[in-house]
Each structure stands twice: as structure tokens, then as C-alpha cells.
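In: coordinates for the following, if possible.
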Amino acid sequence: MTDTAAALDAVELQTGSAPDAAVIWLHGLGADGHDFVPIVRELDALGAPKARYVFPHAPQRAVTINGGMVMRAWYDILGTDLARVEDEAGIRASQAAIERLVEREIARGIAPQRIVLGGFSQGGAITLQAGLRLATPIAALVVLSGYLPLAAHAARERTDAAGAVPIFMAHGRLDPIVALDRGIRSRDQLAALGQRVEWHEYLMEHSVCEDELRDLGAFLQRAVPLR
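Out: Presented below is the predicted three-dimensional model:
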């Protein structure tokens, strides 16, 4: 098994000369940390808080659903039924790695309540996996075109600290990869746990659109207000 608990390489950018917030962003299956770098400029133009953006690279691993092809992935995808067959070991290993990234930002002087954890697709799934289990509350979780992994364990494993963390979830109505109803079920499962979920749908496939970024920028302004 790939040791994702080791330190992850990452792309880092910052807006402003001395940002006092951090956004840790997790890419989707087969991409890498460079994939979402362009959103930094767009979110900054939309008034998002000045922040250090950390885009970690997932480790290379064989992905079963893609014929065993080796690519960057936060965990293996064992089949098309994302809820029934899950790579629990891989998911938990990536959770540990992301927890370490959050701890590193705190050690670098960023207050936990000014740290946002987010991601797209598989990265969004790991955002929920790690974010619901953090011992210290952070500013927010952002999940684009993602879902709740290991859902049967969420109620038992969610920390008290995570219960107060707001969640931004967005999904494409035409998504052929992570179906809209999978996202909606995840939203409802989170709401049943008492999480505050801000839900958005867009007329798009498995992608990101400008309206979505506009809504995300507004959410970040509320979650990490200017000082």
C-alpha cells in the first residue's frame, strides 16, 4: 500500500504579502496539485480572503477501475458503485496525510479557524473524510463534485469539533462520473449528522463553472472574514 501518511509534495501559492489564512485543496483522480492552481487568481478577483494555497499531489497508485493503470489517486476506485465497494485502507491513509497538512499549517502560524480544506471529486471525498475527524475546528470544508466516503462510519467517528464546521457542497446536474444523486445523498447524510451544508447545483458535467466559483468566493468571504 502506498504510504500517504508520509509528507506530501505540494504546489504552494499565496495571495497578498503576509496571508493569515490557508486553503488546502485536493485534486481529483488522475490529476495533480497543479490542476486547480488557476482558481487562485479567480477566487482572489472575486474577493476571497488573502491566503496561502496548498495543492498537494496525491501519491501514485494502481487504480482498479482504470485497468490497474498507475496514476495519482487519493485511494483506489474498486468499482462503479462508490458506496458499496470502497478502498477503506487507502481512504484512511489519505485522511492521515491530510490531517498532517492541516497540522503543518497550524505549526506555520495559521489559526485553525482560518484554515479551509477543500477538494474536487476524489479530493472532495477525502476533504469530508478528514474534515469530519479533525480534533480542532477549522474554518470550512469545500466539496466540489464529491461525496461522503465510508458513510457508515461517519456518525461514530465525527469529532465534536467538526460538528460546527460549515460545508460548501456543489455538484453538476449532468455529472456522469459522480452522479448528482450520490452528491445529494451525501448532503442529506451530513445534514442528518447536524452539519451545516450550503448546497449548490449547476448545469454542468464533472467540472467547475464560473457561477460555482462565484458562489464559492462568497462562501469563503463569510467563512474566513477579512481582518
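In: S17: how many residues sit nearby?
Out: The number of residues packed near S17 is 6, by other C-beta atoms under 10 Å. Yep, even glycine has a C-beta here, placed from its N, CA and C like the rest.
In: quick check, pLDDT for it.
Out: Listed pLDDT for S17 reads 85.
In: helices along the protein, start to end?
Out: With DSSP state H, the ranges of helices along the chain come out as 38-45, 88-107, 122-131, 151-157, 180-192, 210-223.
In: what helices and strands are in contact with the second one?
Out: With contacts defined as 3 or more C-beta pairs under 8 Å, 6 or more residues apart in numbering; DSSP states H and E, the secondary structure elements packing on helix 88-107 are strand 22-26, strand 52-56, strand 115-120, helix 122-131.
In: if we use 6 Å, what do you get?
Out: On a contact count with 3 or more C-beta pairs under 6 Å, 6 or more residues apart in numbering; DSSP states H and E, helix 88-107 meets helix 122-131.
In: which regions of this protein sit below the pLDDT cut-off?
Out: Residue ranges of the chain with pLDDT under 70: 1-6, 82-84, 227.
In: separation between Q122 and E99?
Out: Using C-beta to C-beta, to the nearest Å, Q122 is found at 17 Å from E99.
In: out of those two, which sits in the busier spot?
Out: Each of Q122 and E99 has its neighbours counted (other C-beta under 10 Å); Q122 has more, 30 against 18.
In: residues contacting the more buried one?
Out: Counting by C-beta atoms under 6 Å, 6 or more residues apart in numbering, Q122 touches G28, L29, W74.
In: cutoff 8 Å now
Out: By C-beta atoms under 8 Å, 6 or more residues apart in numbering, the contact set of Q122 is L26, H27, G28, L29, A58, A73, W74, Y75, I77, G146.
In: could you dump the residues you listed to JSON lines with neighbour count and distance to A18?
Out: Shown next, in JSON lines, are the contacts of Q122 (neighbours: other C-beta atoms under 10 Å; distance: C-beta to C-beta, whole Å):
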{"residue": "L26", "neighbour count": "34", "distance to A18": "25"}
{"residue": "H27", "neighbour count": "25", "distance to A18": "27"}
{"residue": "G28", "neighbour count": "25", "distance to A18": "31"}
{"residue": "L29", "neighbour count": "21", "distance to A18": "35"}
{"residue": "A58", "neighbour count": "27", "distance to A18": "29"}
{"residue": "A73", "neighbour count": "26", "distance to A18": "35"}
{"residue": "W74", "neighbour count": "33", "distance to A18": "31"}
{"residue": "Y75", "neighbour count": "27", "distance to A18": "36"}
{"residue": "I77", "neighbour count": "18", "distance to A18": "40"}
{"residue": "G146", "neighbour count": "28", "distance to A18": "31"}
